[in-house]
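Novice: Only the shape, not the letters, is given here:
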């Protein structure tokens, strides 16, 4: 849909968005208003599409920050409603984008305050009410409502209910498309409970971590600190890597390196790596699920095993590649992966719900629970494994996020906000994997849908948690989801996991192939 905004309209959007930031800063003045405003202002930078261009053009000198809470509210709250109304009239998708961006900024403003003050909490409610009042008016006028546009999406509701029926405990889904944004959940957050999973709860995202990591590496490539086609051994000489293995091969899974989680060969034989929850060592993994593995240890184990093929001559999904990418980032920057991720991606996008846990077993609230079923002395046992030391996966799949943060990340990435155009094109350039309609770029799968379209994706999971992340190549339509289940050593949930991906792809993008990343990858 085409959309035309006058200069006055653009001024209204900027006054509304930055007014909300100023309102939260003024309300939190007993704390650190400069930091509150900075955190929230960074979150506004996550806006995509037309809204992103309008907000990015706001002049540096802002006239709202020095006024009282009441004065700012008198100006900002009406502007929020006006902004939503004018966007709803022209393009509900942009209205949904604007609403999500403002609420993300509000969340970022509160995220570093510990327990937000009553004044901040009250202002957050008033901002939300101003946005939603306009949404309600749009609905009454027959226009598609922003952010709630999916309220009348029975096909999405049915899809997540069918996924629960297939064997999952619960699923939370978020879709952003031309109709706006929709989010909902089905099933239960924990065994024996009745509460649904939180719509924007935290989840262990598994292999989606690889896309974040690849983006970091490519940012360093853009700065000339890393060369894509330079031998990885030049940066990490301590491992004695085959000098034919380039940085590109690590990101592309064409290095041939053994996967430290173990390898299943074409003849069906399995070569074990570290103790993992899949296969015959389920009880052993349970007993050691709080053990810490260091990245160097995982790489050294992998390098002690025969390579699958000569570098660059095949494709094989190996978590070892991404642990080496982590060590490469840390070597080049002199900072930990967590610090660099916060500095370059999480902070600038306002991803306050995303965590690089390293060896911490904790997961922030709210979250749905993850479970594991295993055999002990001939008896079946099911335990809660929501808390676990995910260092056994490391950068192969250790991050925690939310469906909102995953949407913000993938839309910003594909919308060109994180990488120069030429490197984004490299990232999404398909390399054959041998899997029908599914190629691999640099940290992303490139999926051909049944209708001949293309979506960019990475999915993953780890022991009772799973996450989906899809976007059109321009980031204008996204699907993100979080799932929780009772997992087991036989990966019996695996078929349902792939069917869930296919079911949602068909519904949102017109069909496609599920990506093969199994839980724990």
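Specialist: All right, it came through fine. The structure displayed is predicted, hence computed values, not measured ones.

Novice: For the residue nearest the centre of the chain, give its distance to residue 44.
Specialist: Geometric centre of the chain, nearest residue: residue 406, 2.6 Å, by C-alpha atoms, centre = their mean. To residue 44, residue 406 is 19 Å away according to C-beta to C-beta, to the nearest Å. Using the backbone N, CA and C atoms, a C-beta is placed for each residue, glycine as well.

Novice: re earlier: verify the contact between the residue nearest to the centre of the chain and residue 480 for me.
Specialist: Yes: with contact defined as C-beta atoms under 8 Å, residue 406 counts as touching residue 480 (4.1 Å).

Novice: Now for these two: what residues contact both?
Specialist: Counting by C-beta atoms under 8 Å, 6 or more residues apart in numbering, the shared contacts of residue 406 and residue 480 are 174, 467, 469.

Novice: ok, those residues vs residue 235, which is closest?
Specialist: residue 469 (28.0 Å; C-beta to C-beta).

Novice: Give me the sheet partners of the host helix or strand of the closest one and which way each runs.
Specialist: Secondary-structure assignment from DSSP states H and E places residue 469 in strand 465-471. Note on strand 465-471: by DSSP bridges, its sheet partners are strand 454-457 (antiparallel), strand 460-461 (antiparallel), strand 478-484 (antiparallel).

Novice: Any idea how far the last one is from the middle of the chain?
Specialist: On the basis of C-alpha atoms, centre = their mean, to the nearest Å, the separation between the geometric centre of strand 478-484 and that of its chain is 9 Å.

Novice: Show the subsequent helix or strand relative to that strand.
Specialist: Following strand 478-484 in sequence order, the next helix or strand is strand 486-488 (DSSP H and E).

Novice: so for that next one, what's the average pLDDT?
Specialist: Strand 486-488 shows a mean pLDDT of 94.

Novice: Stretch 158-169 too?
Specialist: 92.

Novice: cool, and stretch 81-91?
Specialist: Stretch 81-91 comes out at a mean pLDDT of 81.

Novice: number of nearby residues for residue 244?
Specialist: 15 (other C-beta atoms under 10 Å).

Novice: Do you know the pLDDT at it?
Specialist: Among the per-residue scores, residue 244 shows a pLDDT of 98.

Novice: tell me which element it falls in.
Specialist: No secondary structure element spans residue 244, as it lies outside all helices and strands (assigned by DSSP H and E).

Novice: check contacts around the residue lying closest to residue 333 once chain neighbours are set aside.
Specialist: Once flanking residues are discounted, residue 333 sits nearest to residue 340: 5.2 Å by C-beta to C-beta, 6 or more residues apart in numbering. Counting by C-beta under 8 Å, 6+ apart, residue 340 touches 216, 329, 330, 333.

Novice: Please tell me how far residue 340 sits from residue 451.
Specialist: Counting by C-beta to C-beta, the gap from residue 340 to residue 451 is 39 Å.

Novice: Show me where the stretch 151-300 of the chain dips below the pLDDT cut-off.
Specialist: For the stretch 151-300 of the chain, the stretches with pLDDT under 70 are 151-152.

Novice: where exactly do the helices run in it?
Specialist: Ranges of helices within the stretch 151-300 of the chain are 154-165, 208-222, 247-252, 282-287, 295-303, based on DSSP state H, counting those that start in this stretch.

Novice: Over to the stretch 401-521 of the chain?
Specialist: Under DSSP H, counting those that start in this stretch, the stretch 401-521 of the chain gives helices at 403-414, 421-427, 494-509.

Novice: what's the angle from the last one to helix 154-165?
Specialist: The reference is to helix 494-509. Counting by axes from the mean of the first three to the mean of the last three C-alpha atoms, to 10 degrees, helix 494-509 lies at 180 degrees to helix 154-165.

Novice: which helices and strands does helix 494-509 pack with?
Specialist: If contacts are counted by 3 or more C-beta pairs under 8 Å, 6 or more residues apart in numbering; DSSP states H and E, helix 494-509 sits against helix 154-165, strand 170-177, strand 465-471, strand 478-484.

Novice: For the closest residue to residue 191 other than its chain neighbours, give me phi and psi.
Specialist: Among residues not flanking residue 191 along the chain, residue 371 sits closest, at 6.2 Å (C-beta to C-beta, 6+ apart). Phi and psi for residue 371, reported as degrees, to the nearest 10, are phi -130, psi 160.

Novice: Dig out what residue 371 forms beta bridges with.
Specialist: Residue 371 forms beta bridges with residue 384, residue 486, as assigned by DSSP bridges.

Novice: you'd agree it is up against residue 383?
Specialist: Yes: if you go by C-beta under 8 Å, residue 371 and residue 383 touch, sitting 6.8 Å apart.

Novice: Looking at the helices and strands packed on helix 494-509, spot the one closest to residue 245.
Specialist: Nearest to residue 245 among these is strand 465-471 (27.2 Å), distances taken as C-beta to C-beta.

Novice: could you check the angle strand 170-177 makes with that closest one?
Specialist: For strand 465-471 against strand 170-177, the angle between stretch directions is 10 degrees (the same axes, to 10 degrees).

Novice: Can you give me the buried ones in strand 465-471?
Specialist: 465, 466, 467, 468, 469, 470, 471 (16 or more other C-beta atoms under 10 Å).

Novice: Could you provide the residues you listed in CSV, with additional columns for distance to residue 4 and pLDDT?
Specialist: Below are the buried residues of strand 465-471 laid out as CSV (distance: C-beta to C-beta, whole Å; pLDDT from 0 to 100):
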residue, distance to residue 4, pLDDT
465, 44, 97
466, 42, 95
467, 37, 96
468, 35, 95
469, 32, 97
470, 30, 96
471, 26, 96
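
Novice: From these, pick the one nearest residue 429.
Specialist: residue 471 (15.9 Å).

Novice: That closest one contacts residue 408, doesn't it?
Specialist: No: if you go by C-beta under 8 Å, residue 471 and residue 408 don't touch, sitting 11.1 Å apart.

Novice: can you tell me how far the residue nearest to residue 333 sits from residue 329?
Specialist: Counting by C-beta to C-beta - residue 340 and residue 329 are separated by 6 Å.

Novice: Overlap of the contact sets of the two?
Specialist: residue 216.

Novice: any idea how far residue 337 lies from residue 398?
Specialist: Applying C-beta to C-beta, the value for residue 337 to residue 398 is 10 Å.

Novice: rewinding a little: let me have the helices and strands packed on helix 494-509 in CSV, extended by distance to residue 107.
Specialist: Listed next are the helices and strands packed on helix 494-509 as CSV, based on distance: least, C-beta to C-beta, whole Å:
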stretch, distance to residue 107
helix 154-165, 24
strand 170-177, 15
strand 465-471, 19
strand 478-484, 16
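
Novice: Can you check which of those gets nearest to residue 497?
Specialist: Residue 497 lies closest to strand 465-471 among those, at 5.9 Å (C-beta to C-beta).

Novice: Direction-wise, compare the closest one with helix 208-222 and give the angle.
Specialist: Strand 465-471 and helix 208-222 meet at an angle of 50 degrees, taking the same axes, to 10 degrees as the criterion.

Novice: so strand 465-471 versus helix 403-414, what angle?
Specialist: 40 degrees.

Novice: Mind checking what secondary structure the nearest residue to residue 69 once chain neighbours are set aside has?
Specialist: If the residues on either side of it in the chain are set aside, residue 69 comes closest to residue 26, at 4.6 Å by C-beta to C-beta, 6+ apart. Of the three states, residue 26 takes helix under DSSP: H, G, I helix; E, B strand; the rest coil.

Novice: right, and residue 26 touches residue 75 too?
Specialist: No: with contact defined as C-beta under 8 Å, residue 26 does not count as touching residue 75 (11.7 Å).

Novice: So for the two, which residue has more residues nearby?
Specialist: residue 26 (25 against 16).

Novice: quick one on the thing from earlier: which of the shared contacts of residue 406 and residue 480 sits closest to residue 259?
Specialist: Of those, the one sitting nearest to residue 259 (C-beta to C-beta) turns out to be residue 467, at 20.1 Å.
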